[in-house]
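In: quick one: sequence plus predicted model below, questions after.
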Amino acid sequence: MAGGAAVGGGVRQDYPGRLTLFVFITCLVAATGGLIFGYDIGISGGVTSMDPFLSRFFPSVSRKQREADDSNQYCKFDSQPLTMFNSSLYLAALVASLFAASVTRLAGRKWSMFVGGVTFLAGCALNGTAQNVAMLILGRVLLGVGVGFGNQSVPVYLSEMAPARMRGMLNNAFQLMITLGILAANLINYGTNKISGGWGRRLSLALAAVPAAIITVGSLFLPDTPNSLLERGKADDARRMLLRMRGTDDIDAEYRDLAVASEASRAVERPWRDIVRRRYRPQLVMAVAIPLLQQLTGINVIMFYAPVLFETLRFGGSASLMSAVITGVVNLIATLVSVFTVDRVWRRVLFLQGGAQMFVSQVTVGALIGAKLGWSGVAEIPAGYAAAVVVMICVYVAGFAWSWGPLG
């Protein structure tokens, strides 16, 4: 899960102006790009726990699930095609993000969002009508391209539109939309799992088109940011846009700083060589380490595989999906806490507190599961143990959602 807030230790330059309705609405529309990523995280983990989906596309996994209770709980989902289905999106997103950076710089942030929305829509169509595993994986690849473009361009757009003193809060809107997408997907999975005939899984996958349509259509009406306009040599348009954004005529200081930064950026002839110089090493280390460590916290595994994990703990199909809904609610509430505290509390404090909370909860979850399943993976999980695992997962999710999630 990606976050948006910038982490900095220097003195923040503030400028005249206020949060105008224009900026609020444009940031709200742009932030909906987070819905597509969040919805996919929630929906994919849910459908892979639905027996009609598994029976149709991954029969070996479905067969293992129906085996006796004394089977190895660790190996139920040991399937290479299923692994490819799950991972293809992230591989495609990784590759797409490399190209998305160039599109975002040359064509503007809004068109990068548009490309992401269109490709995500195409992926939704393939997944919703898939007849075989190949169609599913191709659809997932297109979804990944959409996620790669959206996750690259939306945080940049939000940072450039937001007033400096509210940048953390408005950038967190992207993370908030991710959590809303996850919760919506969890609720939809819970409902569609009850639909007889097995076509609920198609509905779950196809409804990803709703958030994709929102960002696709919305991006057509979004304005370019002053930074993007300056990068493309449209200085007069950039100044007019900044006047409209800030709601004041006193924009000279901010515009001058934006213009200087743009000129300095264009003057860099060999950015990849310059960035590895000793003087930029602290920035380089932090720019790589923070997003890397954010992913290594394991949040995507927890949110993606939550229904599967709860099934391993012997929750029934509906109960496992409802447990995922509970973690989604906790995720949303904790993200709201971050939205209203990120500009008031030091980022470093949130990083340290959230990291410690996640570490303790993960160790506890591992100890609880390991104490019963051991190395063999064969055991009966008492209800009290299962409930304790759910509680500790919620503690873990909360720690991520108000720290490493939005700040990473």
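Out: Perfect, thanks for sending it.

In: every contact and neighbour count from this point should use C-alpha atoms.
Out: OK.

In: packing partners of the strand or helix carrying residue 210?
Out: Here residue 210, judged by DSSP states H and E, is contained in helix 209-221. Counting contacts by 3 or more Cα pairs under 8 Å, 6 or more residues apart in numbering; DSSP states H and E, helix 209-221 packs against helix 21-31, helix 33-47, helix 109-128.

In: tell me who's in contact with residue 19.
Out: Each residue near residue 19 by Cα atoms under 8 Å, 6 or more residues apart in numbering is listed here: 162-163, 245-247.

In: now the helix holding residue 210 and helix 109-128, what's the angle there?
Out: Helix 209-221 and helix 109-128 meet at an angle of 160 degrees, taking axes from the mean of the first three to the mean of the last three Cα atoms, to 10 degrees as the criterion.

In: looking at the helices and strands packed on helix 209-221, which is buried most?
Out: For the helices and strands packed on helix 209-221, average neighbour numbers computed from mean count of other Cα atoms under 10 Å are highest in helix 33-47, which has a mean of 28.

In: can you name the next helix or strand after that helix?
Out: With DSSP H and E, the next secondary element past helix 33-47 is helix 51-57.

In: roughly how far is whichever helix or strand comes after that next one from the heart of the chain?
Out: Counting by DSSP H and E, the next helix or strand C-terminal to helix 51-57 is helix 59-65. Centroid displacement of helix 59-65 relative to its chain, using Cα atoms, centre = their mean, to the nearest Å, is 30 Å.

In: for helix 59-65, name the packing helices and strands.
Out: helix 51-57.

In: contacts for the helix it packs on?
Out: With Cα under 8 Å, 6+ apart as the criterion, helix 51-57 contacts 47-48, 61-63, 132-133, 198-199, 201.

In: report all helices and strands that the next helix or strand after the helix holding residue 210 contacts.
Out: Sequence-wise, the next helix or strand downstream of helix 209-221 (DSSP H and E) is helix 226-231. Where contact means 3+ Cα pairs under 8 Å, 6+ apart, helix 226-231 is packed against helix 235-246, helix 252-267.

In: to residue 184, which of those lies closest?
Out: Closest to residue 184 of those is helix 235-246 (Cα to Cα; 31.5 Å).

In: tell me what angle the closest one forms with helix 252-267.
Out: 130 degrees.

In: who's in contact with helix 235-246?
Out: Helix 235-246 is touched from outside by 16-20, 22-23, 161, 163, 225-227, 229-230, 249, 251, 255, with contacts defined as Cα under 8 Å, 6+ apart.

In: cool, stretch 106-122 as well?
Out: Outside stretch 106-122, the residues that touch it by Cα under 8 Å, 6+ apart are 33, 36, 100, 103-104, 139, 142-150, 153-154, 156-157, 208-209, 212-213, 215-217, 219-220, 222-225, 228-229, 232.

In: what mean pLDDT does that stretch have?
Out: The average pLDDT for stretch 106-122 rounds to 91.

In: turn the helices and strands packed on helix 209-221 into CSV, columns for distance to residue 189.
Out: Output for the helices and strands packed on helix 209-221, formatted as CSV (distance: least, Cα to Cα, whole Å):
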stretch, distance to residue 189
helix 21-31, 23
helix 33-47, 6
helix 109-128, 14
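
In: how about the ones you listed, which one is nearest residue 187?
Out: That would be helix 33-47 among these, by Cα to Cα, at 9.1 Å.

In: pLDDT on the helix or strand where residue 336 lies, on average?
Out: Residue 336 belongs to helix 317-341 when assigned by DSSP H and E. Summarised as a single mean, pLDDT over helix 317-341 is 80.

In: how about stretch 211-223?
Out: 92.

In: low-confidence ranges in this structure?
Out: Along the chain, segments meeting pLDDT under 70 span 1-13, 65-78, 198, 312-319, 343, 373-381, 408.

In: go with 50
Out: 2-11, 68 (pLDDT under 50).
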